[in-house]
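Trainee: Quick check, what structure comes out for this input:
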Amino acid sequence: MHIFISFLLSMMITLLVVLTDTMEALVWVVDIFLIIFIIAKFYLYPRIKVDFFNIVYIGFLFLIYVDINSPPQQFEASIELEAAKLIVLSFFILLSTLLIRQEIHNTGETDCFIPYKVTLGQKCFLFFLWGLYLVGMSPAAIEGLLFGRHSTTLSGSWTEQYYTYLVAISYVLPGYFALIYKKKLISLKTLLSLTVPIFIIEISTGTRFVFLFSFFIFSTFIFDFENLKKRNVLLIFLMFLSVSVLMKDVRSGGIANDEYEQALIEKILHSEGLLFYFSGLVKYYKSHEHSYLPIQSSFVTYFYIPRSVWPDKPQLVGSWILDTGVFNQNFSNRHSGSVTFLGPFYSDFGYVSLFLVFWLGVLLSKVEKVYFINVRKYNLVAIVAASTVPTLFFGLRSFNTSMLTFAVICFLTIIYALLGFDSKKLVR
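Mentor: Have a look, this model is predicted:
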């Protein structure tokens, strides 16, 4: 039944998307199938609340739906329609694939409250990272809160690479502290004193990606998403709503910018420019050949090689596409465009990338099984498992950036494990 429904839906959406000849018609098709897919999902899996299907579905609504309803109109209509079709098909192929999975039974909180000691090396590691982050990011947070995200602190005396390393620390630190708290090794007061400063800095610097990424890992251990009461769901939603509004102000000139005004709904739901950047990519390859080699789609495997060692190391597609002349505007040196998760695959393989998206969905269904089995165990595997959800959500926006973040989390977790944290029961 699962395979039949998935196949039927994927064939129907593909046929109708291919046949549409206007953006308005495409929006109608998307509206209809968004309803059909969510009905099919809850018919097949009525009990699961936080799963990869829901993450992709919500990601489409927040990242893509706004764009196709209000296309950028910066390119030929045919280019933007083709780009929108490719993006829509890639998302619905993922959704169709994620409908096919075996029943997954959460193994629960296995040995999650067995007491253990945190070694001196682990304590030093944690507090070194915590202190480094607070000292390094506090000036940027203050300036970002007052004058906007792209302040002189980030673009002047600091190198972008150093800033990237500091930000990477904040992805997992709250998760580590929450894990220790759930092991009953620190009090709630201590937990808040360690994590709240990190969240305040993340909000002040104006990058929602960082805050939402780290907060989701943190909240995975604090809340039981499968059994949340409606009141708690409402409180979490209102908190994220408030943070989104505040961070939109920070991104747009800081709270000291009296000239900045924008409607509340536009602060919450605004275009991320994904269709704009992907349309530029589609236009570029109208006059250039695809490599048909995994240059962009495998970037995470060679990103760590310094350019001093490999001067010709490829740039991210979201960076080099801005310098090709397909966009009728200038961009700052630090700017990069988000070309959706399809962008790197399309850059390498063209329309064949849609076939690869299917296998990406198959891989995600396997990862999802690992997520459900391990996420409530409160061990280091759970840290990595919890990070797969924000990796997936933000990977829909920028595949390579999200994968690089995931690689950093895995690297720090390995170091953490080697220092002795939960070393005897890392996997159980």
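Trainee: Please make it C-alpha for all contacts and neighbour counts, starting now.
Mentor: Fine.
Trainee: Tell me which helix or strand comes right after the lowest-mean-pLDDT helix or strand in the chain.
Mentor: In the chain, no helix or strand scores lower on mean pLDDT, DSSP states H and E than helix 152, which sits at a mean of 43. Downstream of helix 152, the first helix or strand assigned by DSSP states H and E is helix 160-182.
Trainee: As a check, name the ranges of all helices in the stretch 301-428 of the chain.
Mentor: Per DSSP state H, counting those that start in this stretch, the stretch 301-428 of the chain carries helices over the ranges 317-320, 342-349, 353-374, 380-395, 399-418.
Trainee: Please tabulate the ones you listed in a markdown table, including the columns distance to Phe53.
Mentor: Compiled in a markdown table, the helices of the stretch 301-428 of the chain are given as follows (distance: least, Cα to Cα, whole Å):
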| stretch | distance to Phe53 |
| --- | --- |
| helix 317-320 | 26 |
| helix 342-349 | 17 |
| helix 353-374 | 9 |
| helix 380-395 | 10 |
| helix 399-418 | 17 |
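Trainee: Of all these, which one is nearest Tyr65?
Mentor: Closest approach to Tyr65 among these is made by helix 380-395 (14.6 Å; Cα to Cα).
Trainee: List the contacts of that closest one.
Mentor: Contacting residues not belonging to helix 380-395 are listed as 52, 55-56, 59, 172, 175-176, 209, 212-213, 216-217, 220, 340-341, 370-371, 374-376, 401-403, 405-406, 409-410, 413, 417, 422, 426-427 [Cα atoms under 8 Å, 6 or more residues apart in numbering].
Trainee: With stretch 73-89 instead?
Mentor: For stretch 73-89, using Cα under 8 Å, 6+ apart, the contacting residues are 13-14, 17-18, 21-23, 26, 30, 68, 71, 275-276, 278-280, 282-283, 340, 342, 354.
Trainee: can we see that at 6 Å?
Mentor: Met23, Ser279 (Cα atoms under 6 Å, 6 or more residues apart in numbering).
Trainee: now that stretch: how far from the chain's centre is it?
Mentor: Stretch 73-89 sits 23 Å away from the centroid of its parent chain (Cα atoms, centre = their mean, to the nearest Å).
Trainee: Which residue is the nearest non-sequential neighbour of Ile63?
Mentor: In this structure residue 63 is Leu, not Ile. Glu272 (6.4 Å; Cα to Cα, 6 or more residues apart in numbering).
Trainee: three-state assignment of the one you found?
Mentor: Put simply, Glu272 is coil when judged by DSSP: H, G, I helix; E, B strand; the rest coil.
Trainee: Count the neighbours of it for me.
Mentor: Residues near Glu272, counting by other Cα atoms under 10 Å, number 17.
Trainee: Kindly provide the distance from it to Phe125.
Mentor: 36 Å (Cα to Cα, to the nearest Å).
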